[in-house]
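Novice: Let me see the structure of the following:
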Amino acid sequence: MAEKKSQRDSIGMDAKGCRTNNGFVQNEDILEKDPDPGSPTDRPQLCSLPILDPRELDFKDIQPYAGMPKEVLFHFSGQARYRVPREVLFWLTVAAVLVLTAGTIAMIAVSPKCLDWWQAGPMYQIYPRSFKDSDQDGNGDLKGIQDKLDYITTLNIKTIWITSFYKSSLKDFRHGIVDFREIDPIFGTMKDFENLVAAIHDRGLKLIIDFIPNHTSDKHAWFQWSRTRTGKYADYYIWHNCSHENGITTPPNNWLSVYGNSSWHFDDVRNQCYFHQFTKEQPDLNFRNPDVQEEIKEIIQFWLSKGVDGFSFEAVKFLLEAKHLRDEIQVNKTQVPDTVTHYAELYHDFTTTQVGMHDIVRSFRQTMDQHSREPGRYRFMGTEAYGNFRESSLLNLKEIISNIPTKVKIRLSTNSTKKGSEVDTQAIALGKGEGLIFEYNTKTFLHQQADGRDRCFVSSRACYSSVLNILHSLC
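Specialist: Below you'll find the predicted structure:
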């Protein structure tokens, strides 16, 4: 077969006026012989092959893929049975690439981004004074928290949230800060805090802390300088003239403290009244003073430099008050003004959520962003402000949670007179802002039922369902 092919090729070349290329050896055995340098037949002879028009060639006796020259290859490749499948496969490939590209882009566009660290797991809030006492002095402390980190880790906690531990007065659960840059001695030292932060981060956890920017303690150095009108501190708090005779103060307006009674208190050093949204030992800072805003930002930076991963800012809706001192409107307009002493008896349109409050909070966020530029170092910021629930209502809890018994016992209530009593779950009377926690025996815990998912807290003996959460979702 090979001899016939060689013979055919030789005849074809002779027909085209070519001379034999003696440098080409058909029989490889000849390569083993030593060539005769004097033999003229061993010298290669060149062949010039003219390029012919494919129409002049005879393709009848030529088989496909038989060592085809260019003209022959073009001839066969141009035939429909070869060209059409090739083009179909090409365009199918292009279409597949476009579909895959479009699908990838669409998946990226619609897929949620990766969760930030503060979204990836639960937060464990710790009130340090009652958590763990490491030195047996009767008070929980920072070392006690550090001692329990391994336990906290076993709970699959990702973030620890520690409430106020600043040097404080004993008023209002230590929310009256005496020094924002100091640890209260009952909790430990700054070195204890630094060790705690390092231990938390070594376990892959994050730490956020409470921050109360709205007010300080009346023992704070700023307030002491303000009451004596010392330099820039004279306007660090909200002062106003008021009448004080025979131990009786006539406040500038009817604004009330969250805890009741007037939010103005007379200071006998400055001979003016200062404003306090909470207790009289917690004077409000004047956030319309740019120096106050800068002071708070510097404190934020101080704790971020200590390794804190975020803050929970409390009572932010109280940061600003109206510049004017007009009386707030009574809820019950027929009530005698002198008898209005409870916070809920006024609409607080001039003392909460004022224009500019969000700008201040936004400036806190911008300060934290300066420390959030490294990968994985985003600093969390949360804000807290309480709101009122709707007016008194009648709740049918049986419609919401079908498997709850008809009668349940009130374990805890914001209305102390109801504690321990039984209520009908089909008609639960709730006052404005009232919250209840129920207790009942069950073999199937409420959190395991579809109706009760995310609505209860579970102990080893009973399931406690908070109506407060249900009310919140209805408001």
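
Novice: Going by C-alpha atoms from here, please, whenever you check contacts or count neighbours.
Specialist: OK.

Novice: Surely R181 and F165 touch.
Specialist: No - when contacts are counted by C-alpha atoms under 8 Å, R181 is not listed as touching F165 (10.3 Å).

Novice: and these two? which has more neighbours close in?
Specialist: For the pair R181 and F165, the greater number of neighbours falls to F165 (27 against 14), based on other C-alpha atoms under 10 Å.

Novice: got a list of what the more buried one touches?
Specialist: Counting by C-alpha atoms under 8 Å, 6 or more residues apart in numbering, F165 touches P128, R174, I183, D184, F187.

Novice: of these, closest to H240?
Specialist: Out of those, the one with the shortest distance to H240 is R174. That distance is 26.6 Å, counting by C-alpha to C-alpha.

Novice: Quick one: buried ones out of the contacts of F165?
Specialist: With burial judged by 16 or more other C-alpha atoms under 10 Å, the buried subset of these is P128, R174, I183, D184, F187.

Novice: which one of the residues you listed sits closest to N261?
Specialist: Distance ranking of the buried ones among the contacts of F165 against N261, using C-alpha to C-alpha, places R174 first at 21.2 Å.

Novice: which regions of this protein sit below the pLDDT cut-off?
Specialist: Scanning the chain with the threshold set as pLDDT under 70 gives 1-68, 171-174, 387-393, 400-402, 414, 416, 431-435, 441-475.

Novice: can you list the domains in it?
Specialist: In the assignment given by automatic domain parsing, the structural domains of the chain cover 117-211, 221-383, 393-474.

Novice: out of those domains, nearest to P85?
Specialist: domain 221-383 (51.5 Å).

Novice: end to end, how far does the closest one reach?
Specialist: Distance between the two ends of domain 221-383: 26 Å, counting by C-alpha to C-alpha, to the nearest Å.

Novice: Check stretch 117-128 too.
Specialist: Across its full length, stretch 117-128 reaches 23 Å between end residues, using C-alpha to C-alpha.

Novice: Identify each buried residue in it, please.
Specialist: So for stretch 117-128, counting by 16+ other C-alpha under 10 Å, buried means W117, W118, M123, Y124, I126, Y127, P128.

Novice: Ok, stretch 182-202 next?
Specialist: For stretch 182-202, the buried set under the neighbour-count rule, 16+ other C-alpha under 10 Å, comprises 183-184, 186-190, 192-193, 196-197, 199-200.

Novice: wait, which of the residues you listed is closest to V94?
Specialist: The shortest distance between V94 and any of the buried residues of stretch 182-202, using C-alpha to C-alpha, involves I200 and amounts to 53.2 Å.

Novice: tally of neighbours for the closest residue to the closest one other than its chain neighbours?
Specialist: Nearest residue to I200, sequence neighbours excluded (C-alpha to C-alpha, 6 or more residues apart in numbering): K206, at 6.6 Å. Summarising burial for K206: neighbours were counted as other C-alpha under 10 Å, giving 23.

Novice: How about Q354?
Specialist: What Q354 shows, counting by other C-alpha under 10 Å, is a neighbour count of 16.

Novice: Please report the distance of it from F278.
Specialist: Separation of Q354 from F278 (C-alpha to C-alpha) stands at 17 Å.

Novice: Repeat that for H324.
Specialist: Counting by C-alpha to C-alpha, the gap between H324 and F278 amounts to 20 Å.

Novice: Between these two, point out the one with more neighbours.
Specialist: Neighbours were tallied for H324 and for F278 using other C-alpha under 10 Å; the higher tally belongs to F278 (21 against 7).

Novice: any chance you could map the helices in the stretch 351-475 of the chain?
Specialist: The residue ranges that make up the helices of the stretch 351-475 of the chain, judged by DSSP state H, counting those that start in this stretch, are 357-369, 397-400, 467-474.

Novice: can you tell me which residues contact A322?
Specialist: If a contact means C-alpha under 8 Å, 6+ apart, then A322 has F350, T351, Q354 as its contacts.

Novice: Out of the buried residues of stretch 117-128, flag the one nearest to K333.
Specialist: For those, the minimum distance to K333 (C-alpha to C-alpha) is 41.2 Å, reached by Y127.

Novice: pull the CA atoms of stretch 84-104 into PDB?
Specialist: What follows is the C-alpha trace of stretch 84-104 in PDB, where atoms were taken according to Å, rounded to 0.1, in the frame of the first residue of the first chain:
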ATOM      1  CA  VAL A  84     -21.900  23.700   8.700                       C
ATOM      2  CA  PRO A  85     -21.100  21.600  11.800                       C
ATOM      3  CA  ARG A  86     -18.000  23.700  12.400                       C
ATOM      4  CA  GLU A  87     -20.000  26.900  12.400                       C
ATOM      5  CA  VAL A  88     -22.700  25.400  14.500                       C
ATOM      6  CA  LEU A  89     -20.200  24.300  17.100                       C
ATOM      7  CA  PHE A  90     -18.500  27.800  17.100                       C
ATOM      8  CA  TRP A  91     -21.700  29.700  17.700                       C
ATOM      9  CA  LEU A  92     -22.900  27.200  20.300                       C
ATOM     10  CA  THR A  93     -19.600  27.800  22.100                       C
ATOM     11  CA  VAL A  94     -20.000  31.600  21.900                       C
ATOM     12  CA  ALA A  95     -23.600  31.300  23.200                       C
ATOM     13  CA  ALA A  96     -22.500  29.000  26.100                       C
ATOM     14  CA  VAL A  97     -19.700  31.500  27.100                       C
ATOM     15  CA  LEU A  98     -22.200  34.400  27.000                       C
ATOM     16  CA  VAL A  99     -24.800  32.500  29.100                       C
ATOM     17  CA  LEU A 100     -22.200  31.500  31.700                       C
ATOM     18  CA  THR A 101     -20.900  35.000  31.900                       C
ATOM     19  CA  ALA A 102     -24.300  36.500  32.300                       C
ATOM     20  CA  GLY A 103     -25.200  33.800  34.900                       C
ATOM     21  CA  THR A 104     -22.100  34.500  36.900                       C
END
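
Novice: okay, the buried residues of stretch 117-128 in CSV with distance to K398 and secondary structure next?
Specialist: Output for the buried residues of stretch 117-128, formatted as CSV (distance: C-alpha to C-alpha, whole Å; DSSP: H, G, I helix; E, B strand; the rest coil):
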residue, distance to K398, secondary structure
W117, 38, helix
W118, 35, helix
M123, 31, strand
Y124, 32, strand
I126, 34, strand
Y127, 35, coil
P128, 38, helix
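
Novice: Nothing else from me, thank you.
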